[in-house]
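[1] Here is the input, now give the coordinates:
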Amino acid sequence: MEKIYYTTKGIYRQVNENFWVVKDSEEKEYFIFKRDRNNAFGWDLVEIKIKKLEDWWKKAEAIVTNILKRSSEPIVGTFIKKKSQDFAFVRAYNTFGGKDIFVYSEDFAWATDGDIILVQIIKWKEKPVWKVIEILWKGSDSDILEKVILIQNNIRIVFPSNVISDAKKLKEISNIWTRLDLRNEMIVTIDWEDAKDLDDAIWVKILDNGNYELWVHIADVAEYVQFLTPLDIEAKKRWTSVYLPGSVIPMLPKEISDNLCSLNTSWDKATLSIIVEIDKTNWRILKTKIAESVIRSKARLTYNEVWNFVGKIEQSSQISKNPELQEMLEKAYALYKIIYSRRKKDWKMEFDFPEIKLELDENKKPIKVYKQVRNAAHKIIEEFMIIANEEISKFFSEKKIPFLYRIHEKPSLESIQELKKILEEYSIFIDENNITPLLLNEVIASLSWKKEEYLLSKQVLFSMSKAKYSDKILGHFWLWLKYYSHFTSPIRRYPDLQIHRIIKEFLNKNMDNEQILKYKKSLNSIAELCSSNEQKAEEVERKITFLKTVEYMEKHIGELFDAKVSWLNANWIYAELESGIEWFISSRWLIQKYKFIEETKYYEEISTKKKLNLWENIKIKVIKADKTRGFLDFELI
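    This next block holds a predicted model:
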């Protein structure tokens with residue numbers, strides 16, 4: 001039975017300067033507008049009353065009716081004080097609607113103007129009384145807001161001196177003769193132009209029986225980063241590398257990530273290799289082997305170089321001058337097409353949304369925002385890594401050895417029902433009780449060449465569950481695989497490093513009952529921490545990318561841009577620019593010319609009765625862009 005105007009409770013947090021959300025114990029979110037927050041502060045536990053029910057196109061709206069528990073969480077902000085004043089302010093990032101926090105002189109002591117500090121409520125009168133409790137960063141710089149986000153999320157920016165010292169002491173591989181020697185083979189890396197942490201390489205050949213043999217080589221980071229050493233303890237605190245516009249905060253020091261373990265050309269590199277034989281007639285996997293190996297990469301290729309070659313557009317000099325390299329790439333491309341077509345036909349669900357990238361100048365200022373489109377070269381590596389991850393996972397599961405799995409559970413019934421409502425608006429019907437990747441892929445395929453393709457494909461994506469780590473085999477719905485693990489990125493992901501240790505212990509016959517018991521006890525907590533820290537890193541990447549996007553738009557205030565309606569409801573329209581930048585147009589700009597039609601969920605121009613639907617072409621004007629407040633404002637022209 002549907003709940004009507006019920007009350008619930010949850011944690012209150014700010015989304016932007018005009019509205020907040022409360023998330024309850026069932027992970028359901030409710031919008032709280034500025035007028036309805038009733039003096040609640042970020043992270044308070046509050047009671048709310050629902051004043052407008054949710055619909056498929058918007059969340060429920062609520063009003064704060066009672067503050068159950070004030071948050072004691074400290075807030076990160078920038079300390080602001082003029083010399084002549086005996087009081088100060090703290091500018092908290094994206095909190096309190098852009099208003100500053102007042103601090104009495106006796107409550108800030110040693111802090112100076114521009115410092116990044118922690119401030120905390122020490123008591124309540126009619127208003128909260130705040131105190132500076134810690135200085136996190138002395139002085140200020142142009143990237144102060146980015147640093148605030150990193151500090152707020154406990155992202156470790158600087159490596160401790162003992163970790164750097166240990167990293168510098170590590171030597172190149174010494175146990176070459178105990179490894180499978182592949183230094184003379186045509187092994188190559190394929191990555192982005194600016195990538196430095198090259199942790200995977202490939203080699204494809206055709207056997208005498210006509211079958212394909214795929215070799216995937218992954219940097220053997222566990223050879224150097226030993227369990228419970230300072231390097232390992234620091235990596236575990238970080239869990240993952242964080243990729244930001246123009247920079248990376250690595251999981252491991254650059255001496256390891258960019259040099260010692262990166263599979264750079266012309267250097268002997270320790271790797272873990274998985275070798276997969278693929279049947280020439282039905283393209284099924286016949287045999288899998290795993291080995292500690294040593295390679296010497298013959299070419300450092302980029303995705304664009306490989307795409308230009310296989311697409312017969314042009315050849316770079318390093319490819320055109322090397323017939324053996326050309327032959328290997330042709331085999332790799334042929335194998336990819338076979339694997340891809342089989343997966344696509346059988347089950348593969350594929351979303352091919354372009355990634356939004358920012359180009360920065362030497363001063364870290366954004367000078368360009370653009371969509372980075374994937375090509376076939378990206379998909380070659382993606383398909384080969386999927387095979388490697390699946391086969392590694394399957395191998396150790398069958399050996400009954402504790403392992404970390406990458407799981408992606410079936411979407412919840414509630415999210416599928418929401419998706420069903422949206423699709424039915426466009427005369428697309430699905431059986432909510434029979435959801436498979438193949439069915440959803442058919443939905444996506446049916447949208448080809450329709451103007452709603454991009455938009456509705458996004459809605460299918462949003463209906464998916466969140467992938468995470470587990471010590472249990474729960475399958476990967478998206479890939480429609482029973483077995484799947486993350487094996488291929490140990491330089492930048494701790495879960496991969498963890499299973500590399502398990503693999504090496506097995507290969508070196510050290511996986512005894514004591515070790516198995518140790519992993520059975522520890523892997524569940526490691527999986528939970530890996531999942532939560534991965535989500536935290538993704539949130540940090542998203543927030544800082546948005547900040548840099550706003551900074552870019554500050555130079556374009558007053559300018560007009562072509563855009564499309566990417567989403568709409570009664571309160572706003574989301575507009576997506578050709579560059580991929582997306583933000584909403586508030587109803588205050590819409591009510592002058594348009595009215596929202598509840599029954600059909602579209603806007604209608606008052607004077608002409610013209611409809612404004614999803615994915616319609618529009619023109620917007622940038623009214624405001626303020627990086628310090630993390631705020632954009634578009635007007636519909």
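[2] contacting residues for the closest residue to Lys504 other than its chain neighbours?
    Taking C-beta to C-beta, 6 or more residues apart in numbering as the measure, Lys504 lies nearest to Ala222, with 5.6 Å between them; neighbours along the chain are not counted. All C-beta spots, glycine's among them, are computed from the backbone N, C-alpha and C. Contacts for Ala222 (C-beta atoms under 8 Å, 6 or more residues apart in numbering) come out as 490, 497, 500-501, 504.
[3] Out of those residues, which end up buried?
    By the neighbour-count criterion of 16 or more other C-beta atoms under 10 Å, the contacts of Ala222 include these buried positions: 490, 497, 500-501, 504.
[4] tell me the domain ranges of this structure?
    Each domain of the chain is listed here as a residue range: 7-69, 75-140, 170-351+370-403+485-514, 413-464, 557-636, per automatic domain parsing.
[5] that older thread, and the buried ones among the contacts of Ala222, which of them are in helices?
    Among these, the members falling in helices are 497, 500-501, 504 (criterion: DSSP state H).
[6] Let me see the ranges of the strands in the stretch 451-600 of the chain.
    If DSSP state E, counting those that start in this stretch is used as the criterion, the strands of the stretch 451-600 of the chain fall at 468-470, 560-568, 572-577, 582-586, 594-597.
[7] okay, these in JSON lines with mean pLDDT next?
    Converted to JSON lines, those look like this (pLDDT from 0 to 100):
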{"stretch": "strand 468-470", "mean pLDDT": "94"}
{"stretch": "strand 560-568", "mean pLDDT": "90"}
{"stretch": "strand 572-577", "mean pLDDT": "89"}
{"stretch": "strand 582-586", "mean pLDDT": "86"}
{"stretch": "strand 594-597", "mean pLDDT": "86"}
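[8] can you redo these as a markdown table with mean neighbour count and distance to Val188?
    Supplementary listing: these in a markdown table, determined by neighbours: other C-beta atoms under 10 Å; distance: least, C-beta to C-beta, whole Å:
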| stretch | mean neighbour count | distance to Val188 |
| --- | --- | --- |
| strand 468-470 | 20 | 30 |
| strand 560-568 | 18 | 39 |
| strand 572-577 | 21 | 37 |
| strand 582-586 | 20 | 37 |
| strand 594-597 | 16 | 55 |
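[9] how about TSV for those, with distance to Ser174 added?
    Putting the strands of the stretch 451-600 of the chain into TSV (distance: least, C-beta to C-beta, whole Å) gives the following:
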stretch	distance to Ser174
strand 468-470	33
strand 560-568	55
strand 572-577	53
strand 582-586	51
strand 594-597	70
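[10] which one of these lies closest to Thr545?
    Between Thr545 and these, the shortest gap by C-beta to C-beta is with strand 582-586, which sits at 11.7 Å.
[11] Run the chain-centre distance for that closest one.
    Taking the mean C-alpha point of strand 582-586 and that of its whole chain, the gap between them comes to 22 Å (C-alpha atoms, centre = their mean, to the nearest Å).
[12] cool, stretch 113-125 as well?
    That offset, for stretch 113-125, works out to 31 Å (C-alpha atoms, centre = their mean).
[13] how about the helices of the stretch 501-637 of the chain, start to end?
    513-553, 587-590 (DSSP state H, counting those that start in this stretch).
[14] ok, the residue most central in space within the chain to Tyr552 distance?
    For the chain, the residue whose C-alpha lies nearest the mean C-alpha position (C-alpha atoms, centre = their mean) is Glu538; its distance is 4.0 Å. For Glu538, the distance to Tyr552 (C-beta to C-beta, to the nearest Å) stands at 21 Å.
[15] And for Ile133?
    Ile133 is 35 Å from Tyr552, by C-beta to C-beta.
[16] swap in Ile101?
    From Ile101 over to Tyr552 (counting by C-beta to C-beta), the distance is 28 Å.
[17] What of Lys379?
    Where Tyr552 is concerned, Lys379 sits at a distance of 30 Å (C-beta to C-beta).
[18] Looking at those two, which one has more neighbours?
    For the pair Lys379 and Tyr552, the greater number of neighbours falls to Tyr552 (22 against 18), based on other C-beta atoms under 10 Å.
[19] The more buried one and Val369 touch, don't they?
    Yes: between Tyr552 and Val369 a contact is recorded at 5.5 Å, counting by C-beta atoms under 8 Å.
[20] for Ser316, what are its contacts?
    305, 308-309.
[21] Need the domains of the chain in a markdown table (columns: distance to Arg542).
    Converted to a markdown table, the domains of the chain look like this (distance: least, C-beta to C-beta, whole Å):
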| stretch | distance to Arg542 |
| --- | --- |
| domain 7-69 | 13 |
| domain 75-140 | 13 |
| domain 170-351+370-403+485-514 | 10 |
| domain 413-464 | 14 |
| domain 557-636 | 12 |
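[22] Tell me which of the ones you listed lies nearest to Phe546.
    Across the domains of the chain, the minimum distance to Phe546, taken as C-beta to C-beta, is reached by domain 557-636, at 6.9 Å.
[23] residue with max distance from the center of this protein?
    Farthest-out residue of the chain from its mean C-alpha position, per C-alpha atoms, centre = their mean: Ser84, at 45.4 Å.
[24] Spell out the residue ranges of the helices in this protein.
    Secondary structure of the chain by DSSP H: the helices cover 144-152, 161-169, 230-238, 254, 303-310, 317-320, 323-346, 376-398, 413-424, 437-446, 453-462, 494-507, 513-553, 587-590.
[25] Quick one: mean pLDDT for the first one?
    When you say that, I think you mean helix 144-152. In this model, helix 144-152 carries a mean pLDDT of 82.
[26] Could you tell me how far it lies from the centre of the chain?
    Centroid separation for helix 144-152 versus its chain: 18 Å, with C-alpha atoms, centre = their mean.
[27] Run the angle between it and helix 513-553 for me.
    For helix 144-152 against helix 513-553, the angle by axes from the mean of the first three to the mean of the last three C-alpha atoms, to 10 degrees is 160 degrees.
[28] May I see the buried residues of helix 144-152?
    Burial within helix 144-152, assessed by neighbour count using 16+ other C-beta under 10 Å, is assigned to 144-152.
[29] coming back round to it: same list, the helices of the chain, but as JSON lines with distance to Lys127 please.
    Formatted as JSON lines, the entries for the helices of the chain read as follows, by distance: least, C-beta to C-beta, whole Å:
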{"stretch": "helix 144-152", "distance to Lys127": "23"}
{"stretch": "helix 161-169", "distance to Lys127": "43"}
{"stretch": "helix 230-238", "distance to Lys127": "37"}
{"stretch": "helix 254", "distance to Lys127": "47"}
{"stretch": "helix 303-310", "distance to Lys127": "55"}
{"stretch": "helix 317-320", "distance to Lys127": "66"}
{"stretch": "helix 323-346", "distance to Lys127": "59"}
{"stretch": "helix 376-398", "distance to Lys127": "53"}
{"stretch": "helix 413-424", "distance to Lys127": "40"}
{"stretch": "helix 437-446", "distance to Lys127": "51"}
{"stretch": "helix 453-462", "distance to Lys127": "39"}
{"stretch": "helix 494-507", "distance to Lys127": "43"}
{"stretch": "helix 513-553", "distance to Lys127": "28"}
{"stretch": "helix 587-590", "distance to Lys127": "29"}
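[30] Any idea which of the ones you listed gets closest to Gly630?
    With C-beta to C-beta as the measure, helix 513-553 is the member of the helices of the chain nearest Gly630 (6.2 Å).
[31] The closest one vs helix 494-507, what angle?
    Counting by the same axes, to 10 degrees, helix 513-553 lies at 150 degrees to helix 494-507.
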